[in-house]
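S.K.: model this:
(one chain, ligands or ions: 1)
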Amino acid sequence: ARLVVLLSGTGSLCAALLDATDDPAYPATVVAVGADRDAAGLEHARRRGVPTFVCALGDSPDRAAWDRALAARIAGFAPDLVVSAGFMKIVGPAVLAAFGGRLINTHPALLPAFPGAHAVRDALAAGAQVTGSTVHLVDAGVDTGPVLAQREVPVRPGDDETSLHERIKTVERELLVGTVAQLVTDPPTSPSQSRKSP
Ligand code: GRF
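M.R.: Predicted coordinates for the structure are as follows:
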């Protein structure tokens, strides 16, 4: 299966996917990595000769045009699945129309708890003893789509945002790699249908 990965930051999750696809038995390959700015994470792809693209909000006249431009850039690589791995923009109707149902996101909290861009900080501030990682289908909301996989991560005494986020990321990497493999092997039949047990 063909994956397009979207990122905005260091791209450690993207790197984990690229590493997983080194195994010929892994049922997907990363055909391109895109970002909303010239993010450091793009280097993981460039180093491997994987095509990259930057679709910056500032390069479009408005948000709707950026959404259309992003949809077109992604479509150019004909992905089977689009993976938002630390992509810090909310996609719009054009991207959702083109890839809804095969666009997933990884979030460093146990959704619906702690949605949004500061999930790790918010969990710490709330005094959570347990948080975690969620992989979900992207819908029009912010971190609100159907949950595909979740795993708990303990908060340890003395944790700060960095130490907790790093512990979460180790779980995110495994959860994302596993969920992508499962999805491309046994895709959900419809975006809304959650996987019913037989
Ligand atoms: C991940 O924890 C992701 O869930 C969150 O931002 C982080 C991205 O990390 N949205 P990286 O850029 O993959 O290292």
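S.K.: from here on, just use CA atoms for contacts and neighbour counts.
M.R.: OK.
S.K.: now stretch 12-24: how far from the chain's centre is it?
M.R.: With CA atoms, centre = their mean, to the nearest Å as the basis, stretch 12-24 stands 13 Å off its chain's centre.
S.K.: how about stretch 96-105?
M.R.: 11 Å.
S.K.: then stretch 103-114?
M.R.: 9 Å.
S.K.: CA atoms of it as CSV?
M.R.: Taking Å, rounded to 0.1, in the frame of the first residue of the first chain, the C-alpha atoms of stretch 103-114 are listed here in CSV:
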residue,chain,number,x,y,z
LEU,A,103,-6.6,9.7,6.6
ILE,A,104,-5.4,8.9,10.1
ASN,A,105,-3.8,10.9,12.9
THR,A,106,-1.8,10.0,15.9
HIS,A,107,-2.4,12.0,19.1
PRO,A,108,-0.4,11.9,22.3
ALA,A,109,-3.3,11.4,24.7
LEU,A,110,-6.2,9.0,25.3
LEU,A,111,-8.9,10.8,23.2
PRO,A,112,-11.4,12.1,23.9
ALA,A,113,-9.3,13.3,26.8
PHE,A,114,-6.9,16.1,26.1
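S.K.: pLDDT on that stretch, on average?
M.R.: Averaging pLDDT along stretch 103-114 gives 98.
S.K.: which elements pack onto the longest helix along the chain?
M.R.: Identified as the longest helix of the chain according to DSSP state H is helix 161-185. Judged by 3 or more CA pairs under 8 Å, 6 or more residues apart in numbering; DSSP states H and E, the packing partners of helix 161-185 are helix 12-20, strand 103-107, helix 119-125, strand 130-137, strand 147-154.
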